[in-house]
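**Student:** okay, predicted coordinates and the sequence, questions at the end:
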Amino acid sequence: MKKKYIVVYTTFPNMRTAKKIVEALVRSRLAACGNIFRLFSVYRWKEKIEKHPEYGALIKTRASKYRSVEKYIKDHHPYDVPEIIFWYITRGQQEYLNWIYKVTD
C-alpha cells in the first residue's frame, strides 16, 4: 500500500477547543474523523517545566491533506506553538482506509 493515509496528533488546552477544531476539520472534509482524549502533559516551555491536563486528538486523513490540516489547526489554535505531528498509516483494514479516502474528497 502506498503511504496515502496519516494520523495527525495534536493537543488542546480544553475539550471545547478540541471539539471545535476537530469537528471543523471533519465538516470541511479535511479529516475523516478524530478521537479526543484527556491526558496530562509535562514539558519545558520558556525554560520552565510545565505540568498541565490537556486533551489530545488523533485525526485520520489522507497524506495529501496534511498541509491544509496543519494550517487550519495553526490558524485556530490558542497555543503559540501547537504540537502538530503525523504518522503514516502503513497498514490498516482496507475497508476503513477506503472510508477515509471516500469521506475526505
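**Tutor:** Cool, the structure landed. It should be emphasised that the depicted structure is a prediction, and the values quoted were computed from it without experimental measurement.
**Student:** all strands for this structure, in order.
**Tutor:** 5-12, 33-45, 48-62, 84-88 (DSSP state E).
**Student:** comparing these, which comes out most buried?
**Tutor:** Comparing these by mean neighbour count (mean count of other C-beta atoms under 10 Å), strand 5-12 ranks first with a mean of 20. Any C-beta I mention is one placed from the backbone N, CA and C, and that applies to glycine too.
**Student:** ok, residues contacting it?
**Tutor:** 18, 21, 31, 36, 39, 41, 54-63, 66, 69-70, 73, 77-78, 82-89, 92, 97, 100-101 (C-beta atoms under 8 Å, 6 or more residues apart in numbering).
**Student:** ok, it: who's next to it in the sheet?
**Tutor:** Strand 5-12 has its sheet partners listed here by DSSP bridges as strand 48-62 (antiparallel), strand 84-88 (antiparallel).
**Student:** got those as a markdown table, with mean pLDDT and distance to Pro13 columns?
**Tutor:** Shown next, in a markdown table, are the strands paired with strand 5-12 (pLDDT from 0 to 100; distance: least, C-beta to C-beta, whole Å):
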| stretch | mean pLDDT | distance to Pro13 |
| --- | --- | --- |
| strand 48-62 | 98 | 6 |
| strand 84-88 | 97 | 15 |
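**Student:** shaky segments in this structure?
**Tutor:** 1-3 (pLDDT under 70).
**Student:** turn the strands of the chain into TSV, including distance to Asp105.
**Tutor:** TSV is the format used below for the strands of the chain (distance: least, C-beta to C-beta, whole Å):
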stretch	distance to Asp105
strand 5-12	14
strand 33-45	15
strand 48-62	9
strand 84-88	19
